[in-house]
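Student: I'll drop the sequence and a predicted model, then ask my questions.
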Amino acid sequence: MTRSTKVADTTREDRIRIVSEALAFGDDCGDCSLDACGIDKYYQPYIDGECELAELNMRNAARSYISEGQREPAGPSCPM
């Protein structure tokens, strides 16, 4: 069974674990600062519960397709 990654279904500690496991850090980031574990600030809005992980990933993918000189697409709820 797959666990939910949605902000409403997780605690901050759960979100840190989800990100650290996805980045192959395992459970080593439970009590340390994110910088000490090497978790990029990119994931901070998700960890803080401000933005869904899927939304961050979609925005990152969209940035990859935007050519120079074009504006970045505006996101309605994610502060990124």
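Tutor: It's in. Numbering: from 1, shown residues only.
Student: how about the nearest residue to residue 4, chain neighbours excluded?
Tutor: Nearest residue to residue 4, sequence neighbours excluded (Cβ to Cβ, 6 or more residues apart in numbering): residue 10, at 6.8 Å. In short, each C-beta sits where N, CA and C put it, glycine included.
Student: Touching, that neighbour and residue 19? I think so.
Tutor: No - counting by Cβ atoms under 8 Å, residue 10 stays clear of residue 19, with 10.7 Å between them.
Student: which of these two has more neighbours?
Tutor: Ranked by neighbour count (other Cβ atoms under 10 Å), residue 10 and residue 19 place residue 19 first, with 22 against 19.
Student: ok now do that one, which residues does it touch?
Tutor: For residue 19, the contact set (Cβ atoms under 8 Å, 6 or more residues apart in numbering) comprises 29, 39, 43, 46, 47, 53.
Student: next helix or strand past the lowest-mean-pLDDT helix or strand in the chain?
Tutor: Lowest on mean pLDDT, DSSP states H and E among the helices and strands of the chain sits helix 34-37, with a mean of 60. Using DSSP states H and E, the helix or strand that follows helix 34-37 towards the C-terminus is helix 44-47.
Student: what about dumping the CA coordinates of that following helix to CSV?
Tutor: Taking C-alpha atoms only, helix 44-47 is exported to CSV below (Å, rounded to 0.1, in the frame of the first residue of the first chain):
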residue,chain,number,x,y,z
GLN,A,44,11.3,23.6,1.9
PRO,A,45,7.7,24.8,0.9
TYR,A,46,6.6,21.1,0.8
ILE,A,47,8.2,20.3,4.2
